[in-house]
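Asks: Let's see this in three dimensions:
(chains A and B)
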Amino acid sequence: MESLKAIWSAVLDSLRDLLPIILVISFFQFAVLQQPIPNLGEIVIGVVFVVIGLTLFVQGLNMSLFPIGESMAYSFASKGSLFWLLCFAFALGFGTTIAEPALIAVAREAAIIAANGGMIENSTPSMASYALGLRITVAVSVGIAIMIGVFRIIMGWPIQYLIVIGYTGVVIMTVFAPPEIIGIAYDSGGVTTSTITVPLVTALGVGLASSIKGRNPMVDGFGLIAFASLTPMVFVMGYGMVV
Amino acid sequence: MLHIFTDLLLAIASTVWDVLPIVIIIFGFQRLVLGKPVANRRKIIIGFVLVVLGLGFFLEGLEAALFPLGRLMAYQLTDPVFIAGDDVGRVLEWWDYQWVYLFAFAIGFATTIAEPSLLAVAIKANQVSAGSIGTWGLRIAVAIGVAIGIALGVFRIITGTPLYWYIISGYVFVLIQTMFAPRMIIALAYDSGGVTTSTVTVPLVAALGLGLAGTVPGRNPLLDGFGLIAFASLFPIMSVLAYAQLSEWQARRCNKKST
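Replies: Here you go, the predicted model:
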């Protein structure tokens, strides 16, 4: 009985999270565009799916992604090996980004733009290799970002100094990068961090900051995602200049 | 109707594929480097299964219900025939697009509230701050930032002004805000920029950008369609910093009153 109640309240939470989208889409459909909703049956099933999905995800988050991120942070901190911790940080950033579907889509678009702009040969193999190169570039940059972020937590540096350096890098690269690549580069910062990576990396950072003496999880624990969205911009513009 | 269920299986399978590298890295490091088995293994495996199933249902549900409608809407709203109204054929100015701005604002806000990664960060921030950062406060602050960012990004596409003007002046503004913001919020605010643009927001916003860049005369969808995501990741930083500054200011005023 207790658990049924808990499930029901979790479902209600998910419904509430979804309510704004349903309201916005209905308002524009009925009031602005003044059209009926097509395939109502499918849409109702879809909404039910989204609610089930969000509920399961939040449950799973608290059971797996959060605890595993934190327990690994504690294990690395007690092991005391900076080298392996940084290796893990890089692997996590690289491994979660290279297969990211949003990134694959962006890389494909970028190859089309590069081919149209005459930066590369307009043929399928050269476009495929351009897209793959871009994906590897972004994945390496996210790996480096998580690594720097973890290092910052250990050293306790204020995040804003590193962010200022990063922003300065973005501004300088913008001046020199080919104009076609700038929009993609700026967007690539946003697409790299997936729904599974974010909770895991956040828990890792918070866990590290709470297991190291003198670090405050609130001040030092966050910020890994910020690096992961900053470095791809610099690296993608660099890639656009080199290739 | 049946295809929704086969698509659901496909969505779950592709989520498994996405999770695989993460699982290999975690269990590999746990075994080979840390040299001990994962604590609570049963619970963690069940949790992973729930995450994969949850994301599969979530993505397929969005794909079946909200994305087709939202995408269609983005194209219909940016259609010059709709925007010009009765007066077809006249030259459109940037202020003719009021429904597009409103849609950009509303959809930016609504998709951010439903974004699972933001929810995860908000839950964590709430735990870490011992409840002083409310999950709803943070999510609404981020959602307002995304809404303003996307509306401004749409304005940029319509007027055709260069992207980097906005982004660079946005950075400068963020840096100035950072100097005055409470220290504990800074890292979280920077994080919220990257977190917002994920499974729900990106597909709808990309459709809006490409739709606009394809219909506004003189815009090239390949060049001008990009950049909305960048706006959506920059503006939440400002709104979260502002939210922290406002709550600090309010707390100080209350303190003054009570003493």
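Asks: wait, what's in contact with the residue nearest to A:Gly117 when sequence neighbours are not counted?
Replies: Nearest in space to A:Gly117, with sequence neighbours left out and distances taken as C-beta to C-beta, 6 or more residues apart in numbering or on different chains, is A:Glu180 at 4.5 Å. Every C-beta, even on glycine, is put in place using the N, C-alpha and C of the backbone. A:Glu180 sits next to A:113-114, A:117, A:119, A:240, B:223 when contact means C-beta atoms under 8 Å, 6 or more residues apart in numbering or on different chains.
Asks: Nearest to A:Ala10 among those?
Replies: Nearest to A:Ala10 out of those is A:Ile113 (C-beta to C-beta; 43.1 Å).
Asks: Surely the closest one and A:Ile182 touch.
Replies: No. The criterion here is C-beta atoms under 8 Å, and A:Ile113 misses it with A:Ile182 at 10.7 Å.
Asks: Would you mind giving the secondary structure of the residue nearest to A:Gly117?
Replies: helix (DSSP: H, G, I helix; E, B strand; the rest coil).
Asks: Mind listing residues that contact the helix or strand containing A:Ser14?
Replies: Assigned by DSSP states H and E, A:Ser14 belongs to helix A:2-26. Applying C-beta under 8 Å, 6+ apart, the contact partners of helix A:2-26 are A:37, A:47, A:50-51, A:54-55, A:58-59, B:66, B:69-70, B:73, B:103, B:106-107, B:109-111, B:113-114, B:119, B:200.
Asks: out of A:Ile113 and A:Ile182, which sits in the busier spot?
Replies: Neighbours were counted for A:Ile113 and for A:Ile182 using other C-beta atoms under 10 Å in any protein chain shown; A:Ile182 has more, 25 against 22.
Asks: What is the burial count for residue 24?
Replies: Going with chain A. Neighbour count for A:Val24, taken as other C-beta under 10 Å: 22.
Asks: right idea, wrong chain: chain B
Replies: By other C-beta under 10 Å, 12 other residues sit near B:Ile24.
Asks: Burial check on the closest residue to it other than its chain neighbours, number of neighbours?
Replies: Spatial nearest neighbour of B:Ile24, chain neighbours left out: A:Gly95 (7.5 Å); criterion: C-beta to C-beta, 6+ apart. Counted with other C-beta under 10 Å, the neighbours of A:Gly95 add up to 21.
Asks: what sits against A:Gly95?
Replies: B:21-22, B:24-25.
Asks: Mind giving me the PyMOL command for buried ones among the residues you listed?
Replies: In PyMOL, a selection of the buried entries from the contacts of A:Gly95 looks like this (16 or more other C-beta atoms under 10 Å in any protein chain shown):
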select buried, chain B and resi 21+22+25
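Asks: Just flag the most distant two among the contacts of A:Gly95.
Replies: With C-beta to C-beta as the measure, no two of the contacts of A:Gly95 lie farther apart than B:Ile22 and B:Ile24, at 7.4 Å.
Asks: Could you list the domains of chain B?
Replies: Domain ranges of chain B: B:1-64, B:79-258, per automatic domain parsing.
Asks: Let's have these in CSV, adding distance to A:Val206 and mean pLDDT.
Replies: Putting these into CSV (distance: least, C-beta to C-beta, whole Å; pLDDT from 0 to 100) gives the following:
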stretch, distance to A:Val206, mean pLDDT
domain B:1-64, 17, 86
domain B:79-258, 6, 86
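Asks: what about the helices in chain A?
Replies: Taking DSSP state H, the helices of chain A run over residues A:2-26, A:40-60, A:66-79, A:82-98, A:101-116, A:124-155, A:159-176, A:179-191, A:197-211, A:217-220, A:224-242.
Asks: And those: which comes nearest B:Ile186?
Replies: Taking C-beta to C-beta, helix A:159-176 is the member of the helices of chain A nearest to B:Ile186, at 6.0 Å.
Asks: What ranges does chain B have for its helices?
Replies: B:2-28, B:41-61, B:67-78, B:80-84, B:98-113, B:116-128, B:135-159, B:163-180, B:183-195, B:201-215, B:221-224, B:228-258.
Asks: Tell me which of those helices sits most buried.
Replies: Sort the helices of chain B by mean neighbour count, taking mean count of other C-beta atoms under 10 Å in any protein chain shown, and helix B:183-195 sits at the top with a mean of 27.
Asks: before we move on, the earlier item: so which of the domains of chain B is nearest A:Ile153?
Replies: domain B:79-258 (9.5 Å).
Asks: Return the distance of the closest one from the chain's centre.
Replies: Taking C-alpha atoms, centre = their mean, to the nearest Å, one finds domain B:79-258 lying 8 Å from the centre of the chain it belongs to.
Asks: Repeat that for stretch A:143-163.
Replies: 17 Å.
Asks: Now it: buried residues?
Replies: Residues of stretch A:143-163 classed as buried by neighbour count (16+ other C-beta under 10 Å): A:143-150, A:152-154, A:159-160, A:162-163.
Asks: Stretch B:30-41 now?
Replies: Neighbour-count burial for stretch B:30-41 flags B:30, B:33-34, B:38 (criterion: 16+ other C-beta under 10 Å).
Asks: can you check stretch A:198-215 too?
Replies: So stretch A:198-215, judged by 16+ other C-beta under 10 Å, has buried residues A:198-212, A:215.
Asks: out of those residues, which touch chain B?
Replies: Contacts with chain B within the buried residues of stretch A:198-215, counted by C-beta under 8 Å from any C-beta of the partner chain: A:198-200, A:202-203, A:206.
Asks: Can you pick out the most distant pair from those residues?
Replies: Farthest-apart pair in those is A:Val198 and A:Val206; separation 12.3 Å (C-beta to C-beta).
Asks: how does chain A divide up, domain by domain?
Replies: Listed by automatic domain parsing, the domain ranges of chain A are A:1-80, A:81-243.
Asks: Pick the most buried one from the ones you listed.
Replies: Scoring those by mean neighbour count under mean count of other C-beta under 10 Å gives domain A:81-243 as the most buried, with a mean of 21.
Asks: How far off centre is it?
Replies: That offset, for domain A:81-243, works out to 9 Å (C-alpha atoms, centre = their mean).
Asks: do the same with stretch A:33-43
Replies: The chain centroid and the centroid of stretch A:33-43 are separated by 32 Å under C-alpha atoms, centre = their mean.
Asks: Next: stretch A:51-71.
Replies: With C-alpha atoms, centre = their mean, you get 17 Å for stretch A:51-71.
Asks: so, in contact with chain B or not, that stretch?
Replies: Yes. Residues of stretch A:51-71 contacting chain B under C-beta under 8 Å from any C-beta: A:51-68, A:71.
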